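> sharing a model prediction with you, sequence too.
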Amino acid sequence: MNVYLHYADILSHVSLKEKEAKMRKDEATLLIERQMYVLGFTKSSLAASVGIAPEHLGKILSFKVLPNPKTSELLANALQMPIHDLRAMFFDVQKSA
């Protein structure tokens, strides 16, 4: 049994974690964008519906900042998503980055 790990194998393990984090972010982005499409929201109209600046919504949707609890609630209501799912998704993506 060969237990030797090649340097490339170690590097591929590291990049696997990065790929998983990117996949998690991509999946979350797709889920939000799909829900926006189904409900007829643009980023501007969603921001207006929630009562925040489009620039701030952009930071939230790119996972650069976590929304505060009130904004999370307003986003979840606008997107017709359970609040705990939305907050968990934002937390998971930001934690994996």
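Right, received. Where do you want to start? Numbers count the residues shown, from 1 in each chain.
> ok, residue 82 touching residue 76?
Yes - between residue 82 and residue 76 there is a contact under Cβ atoms under 8 Å: 6.7 Å. All C-beta atoms are positioned from the backbone trio N, CA, C, and that covers glycine.
> ok, now which ones touch the residue positioned nearest the centre of the chain?
Among the residues of the chain, the one closest to the centroid is residue 28, at 4.2 Å (Cα atoms, centre = their mean). Residues in contact with residue 28 (Cβ atoms under 8 Å, 6 or more residues apart in numbering) are 63, 89, 90, 92, 93.
> what number of residues lie near the nearest residue to residue 73 once chain neighbours are set aside?
Leaving out its chain neighbours, the residue that sits closest to residue 73 by Cβ to Cβ, 6 or more residues apart in numbering is residue 83, at 5.6 Å. By other Cβ atoms under 10 Å, 14 other residues sit near residue 83.
> measure residue 83 to residue 90 for me?
11 Å (Cβ to Cβ, to the nearest Å).
> what do you get for residue 40?
Look at residue 40 and residue 90: by Cβ to Cβ, they are 22 Å apart.
> compare the two (neighbour count), which wins?
A count of neighbours by other Cβ under 10 Å puts residue 90 above the other of residue 40 and residue 90, at 20 against 8.
> in terms of helices and strands, where is the more buried one?
Taking DSSP states H and E as the definition, residue 90 sits inside helix 83-96.
> could I get the average pLDDT for stretch 46-64?
Per-residue pLDDT values across stretch 46-64 average out to 96.
> count of neighbours near residue 26?
What residue 26 shows, counting by other Cβ under 10 Å, is a neighbour count of 11.
> repeat that for the one 4 residues further on.
For residue 30, the neighbour count with other Cβ under 10 Å is 10.
> and it, what helix or strand is that in?
Assessed by DSSP H and E, residue 30 sits inside helix 7-39.
> circling back: which neighbours do residue 83 and residue 90 share?
residue 72.
> quick revisit: higher neighbour count, residue 82 and residue 76?
residue 76 (18 against 10).
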